[in-house]
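Enquirer: Sequence plus predicted model, see below.
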Amino acid sequence: MKDITALMADVGQKARAAAEALAHAATEAKDAALKAMARIIRSRKDEIIKANAEDVQAARDAGRTDAFIDRLMLDDNRVEAIAAGLEAIAALPDPVGSVMAEWERPNGLKIARVRVPIGVIGIIYESRPNVTADAGALCMKSGNAAILRGGSDSFRSSTILVECLQQGLEEAGLPREAIQMVPTTDRAAVGEMLKGLNGAIDVIVPRGGKSLVARVQEEARVPVFAHLEGLCHTYIDRDADVEKAVAVTVNAKMRRPGICGATETALVDAAARDTLLAPVVKALLDAGCEVRGDEATQAVDPRVKPASEEDWSTEYLAPIISVKLVDGVKGAIEHIRRYGSQHTDAIITENDETAETFLREVDSAIVMRNASTQFADGGEFGFGAEIGIATGRIHARGPVGLEQLTTFKYQVRGDGQTRP
């Protein structure tokens, strides 16, 4: 293995060259590459699943949690979902070259703001091999080169997936280096990416646990699209429909407890203590969820465990939820402001005025009414897929899809004007 610095510098140089070619690639070529990638992944499904089984076994041997294993694991359906996701991205409009706004000045100058690729995007993520395909494909469709650094736990799975993506690029006449995977599990490679690879990387996108994202935000010398964690809330208002509150809250927690859009805390209006608290808590318990609650919640069912102060700021990523009574919508907003991570928060209510107060005043990337927080996903937003959920305020916020992976430039057309 080459010296890590030299190895990563080579990766960066190849990515920069590929980005320059990809920035002007025809939409037809990019879509052909995506369709070829999907076909190749389907044809190598058994090989992908076999490699993934080795990753999963190694993770089990290392004592990884069930939630971690779930994020890592691939089966027939998940491989098909990866392939279908690539085809969905191919069907989306190409953002590159689209005119965001245009106007004419009194002096006759015609000005247009036009979308262009960012350049080279470094993605640092943990156990989900599907991110390998989603991130690579989204970057490529939006005209960017991608440098992928997945977790060592998914190294075997991701290696084969990247081979499929690169083969698809080559079939479409595009540079295979447009999607590269860091060819080592050495953590020093992450440090090199955070330094920017001698100017090759334009932005870093971390997708993983709190410690990974915190390290990236602390050490990166290039811009970062990041969310620190998904501490999502569902607030059940006094004017909520009981059946709706139960169904939405259980789905928000239990559909897939290990994703960043899973609800971690349910807040219940104190005015609905006698009508809504018990049905929601019992439904969660019966669904196999551990409930940690305040005194009022503990009184509902003997299976409820006491909540500690730490629970209100814990992203469980597991079938565990904390439940608390709050003083109406204002109490919910205050709790979310204090403990939330500005990812996704939802209100369940039939009261339009209360709903609008919540949607307006909760300062999160995604706010919802009468819908599961598990909809916090680029695919569900119609983006085809996402590279992550950004909770910052600069450039991108919420699901990072094709448009969010572009920047813009101004094109000015004149007819000999000079400035007096």
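Expert: Arrived safely.

Enquirer: secondary structure class for the nearest residue to Gly401 once chain neighbours are set aside?
Expert: Spatial nearest neighbour of Gly401, excluding adjacent residues (Cβ to Cβ, 6 or more residues apart in numbering): Phe383 at 3.1 Å. The way it works is simple: take the backbone N, C-alpha and C, and place the C-beta from them, glycine included. Secondary structure, DSSP: H, G, I helix; E, B strand; the rest coil: Phe383 is coil.

Enquirer: my guess is Phe383 contacts Pro399, does it?
Expert: Yes - with contacts counted by Cβ atoms under 8 Å, Phe383 reaches Pro399, the gap being 5.6 Å.

Enquirer: ok so, going back, give the contact list for the residue nearest to Gly401.
Expert: Contact analysis of Phe383 by Cβ atoms under 8 Å, 6 or more residues apart in numbering lists Leu92, Pro399, Gly401, Leu402.

Enquirer: before we move on, what about Val224?
Expert: Contacts for Val224 (Cβ under 8 Å, 6+ apart) come out as Val203, Ile204, Val205, Pro206, Val216, Gln217, Gly392.

Enquirer: Show me these that map onto helices.
Expert: Val216, Gln217 (DSSP state H).

Enquirer: Can I get the buried part of the contacts of Val224 as one PyMOL selection?
Expert: In PyMOL, a selection of the buried entries from those looks like this (16 or more other Cβ atoms under 10 Å):
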select buried, resi 203+204+205+206+216+392
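
Enquirer: Can you list which of the contacts of Val224 are found in strands?
Expert: For these, the ones inside strands are Val203, Ile204, Val205, Pro206, with DSSP state E as the criterion.

Enquirer: Quick one: these as a markdown table, columns for pLDDT and distance to Ile259 too.
Expert: What follows is the ones in strands among the contacts of Val224, written out as a markdown table (pLDDT from 0 to 100; distance: Cβ to Cβ, whole Å):
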| residue | pLDDT | distance to Ile259 |
| --- | --- | --- |
| Val203 | 95 | 23 |
| Ile204 | 94 | 21 |
| Val205 | 92 | 17 |
| Pro206 | 90 | 16 |
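
Enquirer: Throw these into CSV and include distance to Arg369, thanks.
Expert: Putting these into CSV (distance: Cβ to Cβ, whole Å) gives the following:
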residue, distance to Arg369
Val203, 32
Ile204, 33
Val205, 29
Pro206, 30
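
Enquirer: buried stuff in the lengthiest helix in the chain?
Expert: Taking DSSP H as the criterion, the chain has its longest helix at helix 4-22. Residues of helix 4-22 classed as buried by neighbour count (16+ other Cβ under 10 Å): 4, 7-9, 11-12, 14-19, 22.

Enquirer: ditto for stretch 256-276
Expert: By neighbour count on 16+ other Cβ under 10 Å, the buried set for stretch 256-276 is 257-269, 272-273, 276.

Enquirer: What about those residues, which are in strands?
Expert: Within the buried residues of stretch 256-276, residues falling in strands by DSSP E are Thr263, Glu264, Thr265, Ala266, Leu267, Val268, Asp269.

Enquirer: Can you tell me which of those is nearest Ala371?
Expert: Using Cβ to Cβ, Thr263 is the member of these that lies nearest Ala371, at 11.4 Å.

Enquirer: contacting residues for the closest one?
Expert: Residues in contact with Thr263 (Cβ under 8 Å, 6+ apart) are Cys232, His233, Thr234, Thr249, Ala252, Lys253, Ile321, Ala346, Ser372, Thr373.

Enquirer: do you know how far the second one is from Ala188?
Expert: His233 sits at a distance of 38 Å from Ala188 (criterion: Cβ to Cβ, to the nearest Å).

Enquirer: Of the two, which one has the most company?
Expert: His233 (29 against 12; other Cβ atoms under 10 Å).

Enquirer: quick check, the more buried one in a strand?
Expert: Yes - His233 sits within a strand when classified using three-state DSSP.

Enquirer: thought it was touching Gly331?
Expert: No - using Cβ under 8 Å, His233 is not in contact with Gly331, being 11.8 Å away.

Enquirer: Give me the common contacts of those two.
Expert: Here His233 and Gly331 share the contacting residues Leu267, scored by Cβ under 8 Å, 6+ apart.

Enquirer: Low-confidence stretches in the chain?
Expert: 1-2, 228 (pLDDT under 70).

Enquirer: Now for Ser98: which residues touch it?
Expert: Ser98 neighbours (Cβ under 8 Å, 6+ apart): Val114, Arg115.

Enquirer: Ok, the one 5 residues further on next?
Expert: With contacts taken as Cβ under 8 Å, 6+ apart, Trp103 has the following neighbours: Lys110, Ile111.

Enquirer: is it in a bridge, and if so with what?
Expert: Ile111 (DSSP bridges).

Enquirer: Any figure for the gap between it and Glu403?
Expert: Taking Cβ to Cβ, one finds Trp103 at 21 Å from Glu403.

Enquirer: Equivalent analysis for Gly85, please.
Expert: Where Glu403 is concerned, Gly85 sits at a distance of 17 Å (Cβ to Cβ).

Enquirer: sorry, back to before: need the buried residues of helix 4-22 in JSON lines (columns: distance to Arg337).
Expert: Conversion of the buried residues of helix 4-22 to JSON lines gives the following (distance: Cβ to Cβ, whole Å):
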{"residue": "Ile4", "distance to Arg337": "42"}
{"residue": "Leu7", "distance to Arg337": "45"}
{"residue": "Met8", "distance to Arg337": "40"}
{"residue": "Ala9", "distance to Arg337": "44"}
{"residue": "Val11", "distance to Arg337": "41"}
{"residue": "Gly12", "distance to Arg337": "40"}
{"residue": "Lys14", "distance to Arg337": "45"}
{"residue": "Ala15", "distance to Arg337": "40"}
{"residue": "Arg16", "distance to Arg337": "42"}
{"residue": "Ala17", "distance to Arg337": "46"}
{"residue": "Ala18", "distance to Arg337": "43"}
{"residue": "Ala19", "distance to Arg337": "40"}
{"residue": "Leu22", "distance to Arg337": "42"}
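
Enquirer: Check those against Gln166 and report the nearest one.
Expert: Ala18 (10.6 Å).

Enquirer: Good, we can wrap up now.
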